[in-house]
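Asker: Quick one, fold the following:
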Amino acid sequence: MLSNENFSRKVLPFLKTEYFESREQKFIYEEISKFIEQYNNLPSKEALYIELEKRSDLNDETWKGTQKVLDSLAAEETDERWLVDATERYCKDRALHLAVLKGIHIINGDDKDHDTGSLPDILSDALSVSFDSSVGHDYIDDASERFDFYHKKEQRIPFDLSFFNQITNGGLPNKTLNICLAGTGVGKSLFMCHQAANCLIQGKNVLYITLEMAEERIAERIDANLMDLTIDELHSLPKQVFESSVDKIKNKTQGTLVVKEYPTATAHTGHFKGLLKELMLKRDFRPDIIFIDYINICASSRFKTGANIGSYFYIKAIAEEFRGLAVEHNLPIVSATQTTRSGFQSTDIGLEDTSESFGLPATADFMFALIQTEQLEKLDQIMVKQLKNRYNDPTKNKKFVVGIDRPKMKLYDCEQDAQEDIVDSGQDDTPAFDKAQNIDTTDWKFN
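Answerer: Numbering: from 1, shown residues only. Predicted coordinates:
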């Protein structure tokens, strides 16, 4: 680092003080790093002697040790590419070594801020250490790649609701976190069950994680949706007819739906990653989309439950872990959150009505509110309001209504005239949908 400026500038952004094994090496590295940052140049040995002598945290023995290390340094001609590769390997080994030591402290109870659930993330971070050679996108030189990106069709999972497809540019892209905001009993779980059923019919592999209701209750809602039956009709269905209806669903899709239940407030992304590995090994199941019902009753893999940390940082940490899971497995994650007490009574919910943590909307890629009023309830409708949208202009189709069939756990497109009296809707006069696009499930109905 003292004799090769190119090498120093390549590796300095990735080095950490803890990678150096002795205290003397750590002190010297810190002074080299500070000198380059302040003067944009490599320090001489004499400059390092002076800066180290100024430090008040060096005792006589350590000061003599740093002098000895500095005296032993000599410039040598070495292939720069090999030097960078060797340094990267060293940093990976040190990161893994430190991660294992941290894991031992956590297991022994010496680390009060983390629990054993954070071990997979700590080891994963250590194993992912690398020297990224990319220094950014060059606006002029990389124009051709940028043009290809503009015309590349992004893989998305579409809705069966026309307005949702319009506001998301055709559906949910991979590596995203999508949040539904609503009050208690308004329809968060209903929305996710409906969309899970829609994804299954599209032939997608769906993982539905529930921390609120039993696995069977979620499956019951999806049965009602796909069989076009009310919950009461479903319960009175003869077994032979039920099995025949399940066979019809099976013949209509190549996808698989797995519902997994966890106790409330106990599961986090560490558990979910373990589940994904088990499903892959035992069932050869890799999900295309994950639904988590819902985010506020999950735990964080980085912070212990009950740790001295506010709800803002705790929920934000969970949201960041969810989005990291979506990026790691290259799929969209859909979850939900509650409104505040004032938001529950509001007819015009905003981001400020997100309960517990404003850090959640800061992390989400797409966030919308479900609003229910007495008038809408009488019309079997529910209003959707965009709150945050990284896929499209959130001022277009800012508000719209969809039909809701609660007994059958279904949502559907409303006629265009249902949209006309919405204040600040951001809609144009073009018809929003073609009802023929709806999935035809009439032949499944139990008579």
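Asker: Geometric centre of the chain: which residue is closest?
Answerer: residue 323 (1.2 Å; CA atoms, centre = their mean).
Asker: any idea where the helices of the stretch 1-150 of the chain begin and end?
Answerer: Counting by DSSP state H, counting those that start in this stretch, the stretch 1-150 of the chain has helices at residues 5-11, 23-39, 45-54, 60-72, 80-107, 119-127, 143-150.
Asker: So which of those helices is nearest residue 318?
Answerer: Closest approach to residue 318 among the helices of the stretch 1-150 of the chain is made by helix 119-127 (12.6 Å; CB to CB). (C-beta placed from N, C-alpha, C; glycine too.)
Asker: re the thing from before, next one, pLDDT for the residue nearest to the centre of the chain please.
Answerer: pLDDT for residue 323: 94.
Asker: Skip the chain neighbours and tell me the closest residue to it.
Answerer: residue 177 (4.2 Å; CB to CB, 6 or more residues apart in numbering).
Asker: For residue 190, see how far away residue 237 is.
Answerer: Using CB to CB, to the nearest Å, residue 237 is found at 20 Å from residue 190.
Asker: Show the average pLDDT along stretch 180-194.
Answerer: pLDDT averaged over stretch 180-194 gives 92.
Asker: likewise stretch 14-25?
Answerer: Here the average pLDDT along stretch 14-25 is 90.
Asker: Show me which residues of that stretch are buried.
Answerer: 15, 19-20, 24 (16 or more other CB atoms under 10 Å).
Asker: Please apply the same query to stretch 358-371.
Answerer: Buried, per 16+ other CB under 10 Å, within stretch 358-371: 359-361, 363-371.
Asker: which of the residues you listed lies closest to residue 421?
Answerer: Among the buried residues of stretch 358-371, residue 371 lies closest to residue 421 (CB to CB), at 14.5 Å.
Asker: Give the burial count for residue 79, as a bare number.
Answerer: Counted with other CB atoms under 10 Å, residues neighbouring residue 79 total 9.
Asker: quick one, what contacts it?
Answerer: Applying CB atoms under 8 Å, 6 or more residues apart in numbering to residue 79 gives no contacts.
Asker: So that it lines up with my notes, have the first residue be 23 from now on.
Answerer: Noted, 23 is the first residue going forward, which turns the last one into residue 101.
Asker: Could you find the closest non-adjacent residue to residue 152?
Answerer: residue 110 (6.7 Å).
Asker: Downstream of the helix or strand of the chain with the lowest mean pLDDT, the next helix or strand is which one?
Answerer: Least confident element among the helices and strands of the chain, by mean pLDDT, DSSP states H and E: helix 363-367 (a mean of 68). Next along the chain after helix 363-367, taking DSSP states H and E as the criterion, comes helix 381-385.
Asker: so the residue nearest to residue 345 sits in a strand?
Answerer: Yes: under DSSP: H, G, I helix; E, B strand; the rest coil, residue 199 falls within a strand.
Asker: That one contacts residue 353, correct?
Answerer: No: when contacts are counted by CB atoms under 8 Å, residue 199 is not listed as touching residue 353 (10.8 Å).
Asker: Comparing the two, which residue is more hemmed in?
Answerer: Remark: of residue 199 and residue 353, residue 199 carries more neighbours, 26 against 23, as counted by other CB under 10 Å.
Asker: confidence score at the more buried one?
Answerer: For residue 199, the predicted pLDDT is 96.
Asker: what's near enough to touch it?
Answerer: 341, 344-345, 348, 354-355, 357, 385-388.
Asker: that older thread, put the alpha carbons of the helix or strand containing the residue nearest to the centre of the chain into PDB.
Answerer: Assigned by DSSP H and E, residue 345 falls within helix 333-351. Taking Å, rounded to 0.1, in the frame of the first residue of the first chain, the C-alpha atoms of helix 333-351 are listed here in PDB:
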ATOM      1  CA  SER A 333     -40.200   0.200  16.700                       C
ATOM      2  CA  TYR A 334     -39.000   2.500  13.800                       C
ATOM      3  CA  PHE A 335     -35.700   0.800  13.600                       C
ATOM      4  CA  TYR A 336     -37.000  -2.700  14.400                       C
ATOM      5  CA  ILE A 337     -39.700  -2.700  11.600                       C
ATOM      6  CA  LYS A 338     -37.400  -1.000   9.200                       C
ATOM      7  CA  ALA A 339     -34.800  -3.700   9.900                       C
ATOM      8  CA  ILE A 340     -37.400  -6.400   9.100                       C
ATOM      9  CA  ALA A 341     -38.400  -4.600   5.900                       C
ATOM     10  CA  GLU A 342     -34.700  -4.400   4.800                       C
ATOM     11  CA  GLU A 343     -34.300  -8.100   5.600                       C
ATOM     12  CA  PHE A 344     -37.400  -9.000   3.500                       C
ATOM     13  CA  ARG A 345     -36.100  -6.900   0.600                       C
ATOM     14  CA  GLY A 346     -32.700  -8.600   0.900                       C
ATOM     15  CA  LEU A 347     -34.400 -12.000   0.800                       C
ATOM     16  CA  ALA A 348     -36.300 -10.900  -2.400                       C
ATOM     17  CA  VAL A 349     -33.000  -9.800  -4.000                       C
ATOM     18  CA  GLU A 350     -31.100 -12.900  -2.900                       C
ATOM     19  CA  HIS A 351     -33.800 -15.300  -4.400                       C
END
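Asker: Buried residues, that helix. List them.
Answerer: Buried residues in helix 333-351, counted by 16+ other CB under 10 Å: 336-348, 351.
Asker: What of stretch 250-262?
Answerer: For stretch 250-262, by 16+ other CB under 10 Å, it's 250-252, 255-256, 259.
Asker: same deal with stretch 77-84?
Answerer: Under 16+ other CB under 10 Å, the buried positions of stretch 77-84 are 80, 84.
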